[in-house]
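**Student:** quick one: sequence and predicted model below, then my questions.
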Amino acid sequence: MLIRMPAFILALLAALATVGCDTPGPDYTEPEIRQGTIEQITPVNIANNQGQGLGAILGGAAGVGLGSLIGSGTGRDVAMIAGAIGGALVGNEVQRNNTQPIPGEQIIVRTRNGVLVAITQPVGPPLQVGQRVYLQGSGESTRVIPQ
């Protein structure tokens, strides 16, 4: 059993290294940049999820620090755990209440082939209805940029 374990680990590492070195095959294509004309622009607020969870982490760390100052032995361990849980809950709530939305735009673009595409993005370069634009990217990462 001891002899097989290193061989198994070596085989696993070799397999992972081989998978990681894969290059794009013949089916790989460059992302297409689509063109279109802006049909409508509507101002919106985008939820700001940046740093989500950071308040809970900082609050939990502060709670552990404060809990470590209380008592000794098992009582101290219990105080540290309670401090971590309480600090995480308070930190998360404080962060949630202080998160401001990001100003954005919902932009409806008619592509060259007639398809309407709606993109929501933060306010960027000035855009206006009737302007010719590029749609860069795909899915949720699509952005409207001036032509």
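**Tutor:** Done, it's in.
**Student:** which intervals of the chain have sub-threshold pLDDT?
**Tutor:** Along the chain, segments meeting pLDDT under 70 span 1-32, 49-52, 54, 95-99.
**Student:** just confirm residue 86 is within a helix.
**Tutor:** Yes - membership of residue 86 in a helix is supported by DSSP: H, G, I helix; E, B strand; the rest coil.
**Student:** secondary structure class for residue 36?
**Tutor:** strand.
**Student:** how about the helices in the chain?
**Tutor:** Taking DSSP state H as the criterion, the chain carries its helices at 4-20, 54-67, 73-97.
**Student:** list the contacts of the second one.
**Tutor:** By that I understand helix 54-67. Residues outside helix 54-67 that contact it (Cβ atoms under 8 Å, 6 or more residues apart in numbering): 76, 79-96. C-beta here means a position set from N, CA and C on the backbone, and glycine is covered the same way.
**Student:** gap between it and the chain center?
**Tutor:** Chain-centre distance of helix 54-67: 23 Å, with Cα atoms, centre = their mean, to the nearest Å.
**Student:** contact partners for residue 109?
**Tutor:** 36-39, 116-119, 133, 135, 144 are the contacts of residue 109 under Cβ under 8 Å, 6+ apart.
**Student:** restricted to buried residues, select these in PyMOL.
**Tutor:** One line in PyMOL is enough to select the buried ones among these; burial here means 16 or more other Cβ atoms under 10 Å:
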select buried, resi 36+38+119+133+135+144
